[in-house]
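Engineer: generate coordinates for the sequence data below:
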Amino acid sequence: MKRSLIAPLVSGLVLPGTGQVLNRQPIKGIALIAGTTVLFLLMLLKVLVDLNRVFQTMPDLRPDPEIIRKLANAMSQQDHTYLMVLVILLLCVWIFSIVDAYIHGKRLDNMKNETPPV
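Structural biologist: The predicted structure is shown next:
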């Protein structure tokens, strides 16, 4: 199957950077995988820090049917600028990974088609 189809699909659906690894660009692929992992971890850390702040403001967490609503309201009042920047960066890395995997896969497909049979 064509690399120009498989590599971007894998980068888009599995993990950014895996398409680069399939296209024989392991250093770029590992860098994209590491960058994506770091961005995911930073996003998770931001959400956990916000949750910690919310839980510190709630004196008691007794079973209450309204607890989910209270948590949602408290979380919506947190500053989400840092989280939005991380999400935008993650989307940029993801889109770059897909486009780069397609372009390099297309080059590999063209090189394969131009090589005369032996």
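Engineer: verify the stated contact: Lys70 with Met58.
Structural biologist: Yes: between Lys70 and Met58 there is a contact under Cβ atoms under 8 Å: 7.2 Å. Where you see a C-beta, it was placed from the backbone N, CA and C, and this is true even at glycine.
Engineer: neighbour count: the two, which is higher?
Structural biologist: Neighbours per residue, other Cβ atoms under 10 Å: of Lys70 and Met58, the larger number sits with Lys70, 14 against 11.
Engineer: contacting residues around that one?
Structural biologist: By Cβ atoms under 8 Å, 6 or more residues apart in numbering, the contact set of Lys70 is 58, 64.
Engineer: i'd like the first residue to be 799 from this point on
Structural biologist: In the new numbering, first residue 799, that becomes Lys868.
Engineer: report the buried residues of the one helix or strand it maps to.
Structural biologist: For Lys868, the host element (DSSP states H and E) is helix 865-874. Of all the residues in helix 865-874, those buried under the rule 16 or more other Cβ atoms under 10 Å are Ala872.
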